[in-house]
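Student: Can you look at this prediction? I've put the sequence above it.
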Amino acid sequence: MIEELHDDPGAEGRYQALAGADRDALVSALYDPSWRVRRHAAELVARAVDDATAAKLIAVLGDRDQTGARNAATTALALAGPAARAPLLELLGHSDPDQRKLAADILGERREADALEGLERALADADPNVQGAAAEALGRIGGQRASRTLMGLLSSREPLVRACALEALFALKKPPPLSLLVPLLPSKQAFRLVGLIFHPSANALVSRALEQASTRDAALAALGMEGRAWPHDAEAMLRASLKVSPDVQTWLARMLKSDDRALRVGAMNAVAALKAHALAPAVAEAVGDGSVAEAASRALTRLGLYGALALVEGEVPPVVSMSAEARAVAGEAIIRVGEPRLVPALERLLGCSDPELAEVAVRALGRCRTPAAIVPLLSALEDDALASAAARALARIGRRFRPRWGSR
């Protein structure tokens, strides 16, 4: 923003002038060289779109040499009121497939049930890209009718259309029957939908696919479905399949670095099911920007004591060099364990000269249920930054052992 204003000192004045501009001036401003001005013009014109203005915005979509203006017009039409709907539905019949695709994309962004019929007709378009855009738009609109239509597309001869239908059904969290999904395996999109099906047959499909190097990446996406609960017997089958998967820990470490959220979460869940304690630091680092923090936290909790040891043991504990988000998740997992065996490692962590980790160590020592934690906590009392947390930790230990001491 600052760079743009520096390169174009007149942009701020043009931006401010939009407040009093009429509709024609706002449409013209969609061609402004400043992204900020174009965006503001799109937002303002969207508030007052009539039939004439809608037609002008549709015309801007056809200006192929003006990408910025086309994008701004797309924004305006997506935000506009009912007056824009009919022109967009009419655009689905344009001679140019690029225009037809744009119309489907915008109708999807508008999420209006009144557009369903027009989008369903677009599914028979001669251009697969238009068909795919129409399928994705149905997924954004949602509802039973859209779901049924999308399931019908799974038998399409066009791979792109099938993929778009799978993505749309996943966005709706509406898995089709397994009989429709099995022919589409081992695609990752199909396995993600299998992951939404709570049935022994679905569990078996995922487990078997995890045993083969050629299918396990796609199958891992099924494990990445948040909220997916595996019954005890199904998890035992899953664990057995993971154990026979070639180089499983090396593979999971790689998947924990994937850019694909579903694969990262799936790898976290697989690590927890396999009890691959040594991968606990990799699970924490896989939290990235924090968007999968809850999944990482659950996996680390399931790894228990040995997972916590993998985070804090060593001359330089792995948790010391982690990113802020990873350290936060790892720290909470360490604190929750509360096992006496952690005390020596926590004592070293307390002395690592990192205030944040020192507090983690103090809180974790207070949960370790052993008098062995008292000495390091007493030393923490001498640090003003840790004294309060150390006092609470000592009180926690004292409450646990008070009955035994009181009986002497």
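Tutor: Happy to help now that I have it.

Student: what about this protein, any weak spots by pLDDT?
Tutor: For the chain, residues meeting the criterion pLDDT under 70 lie at 1-7, 226-228, 401-408.

Student: what's the domain layout of the chain?
Tutor: Domain segmentation of the chain under automatic domain parsing yields 1-91, 342-408.

Student: Using CSV, please lay out those domains together with distance to Pro246.
Tutor: Quick note: C-beta positions are derived from backbone N, CA and C, even for glycine. What follows is the domains of the chain, written out as CSV (distance: least, Cβ to Cβ, whole Å):
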stretch, distance to Pro246
domain 1-91, 46
domain 342-408, 33
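
Student: could the ones you listed go into TSV alongside mean neighbour count?
Tutor: Formatted as TSV, these follow (neighbours: other Cβ atoms under 10 Å):
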stretch	mean neighbour count
domain 1-91	17
domain 342-408	17
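
Student: Out of those domains, flag the one nearest Thr301.
Tutor: domain 342-408 (13.4 Å; Cβ to Cβ).

Student: Any idea how far that closest one is from the middle of the chain?
Tutor: 37 Å (Cα atoms, centre = their mean, to the nearest Å).

Student: which residues touch the residue most central in space within the chain?
Tutor: Centrality entry for the chain: nearest residue to the mean C-alpha point is Arg261, 5.1 Å, by Cα atoms, centre = their mean. Neighbouring residues of Arg261 by Cβ atoms under 8 Å, 6 or more residues apart in numbering: 224, 291-292.

Student: Next: Val161.
Tutor: 123, 128, 131-132, 135, 153.

Student: Dump these to JSON lines, plus distance to Ser187 and neighbour count.
Tutor: JSON lines is the format used below for the contacts of Val161 (distance: Cβ to Cβ, whole Å; neighbours: other Cβ atoms under 10 Å):
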{"residue": "Leu123", "distance to Ser187": "20", "neighbour count": "22"}
{"residue": "Pro128", "distance to Ser187": "17", "neighbour count": "16"}
{"residue": "Gln131", "distance to Ser187": "18", "neighbour count": "24"}
{"residue": "Gly132", "distance to Ser187": "15", "neighbour count": "26"}
{"residue": "Ala135", "distance to Ser187": "15", "neighbour count": "29"}
{"residue": "Leu153", "distance to Ser187": "14", "neighbour count": "22"}
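
Student: farthest-separated two in these?
Tutor: Every pair of these checked by Cβ to Cβ; the farthest is Pro128 and Leu153, at 11.4 Å.

Student: all strands for the protein, in order.
Tutor: In the chain, no strands are defined using DSSP state E.

Student: hmm, back to that, which among the contacts of Arg261 count as buried?
Tutor: 224, 292 (16 or more other Cβ atoms under 10 Å).

Student: got JSON lines for the contacts of Arg261, with distance to Ala204 too?
Tutor: Listed next are the contacts of Arg261 as JSON lines, based on distance: Cβ to Cβ, whole Å:
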{"residue": "Gly224", "distance to Ala204": "18"}
{"residue": "Ser291", "distance to Ala204": "30"}
{"residue": "Val292", "distance to Ala204": "26"}
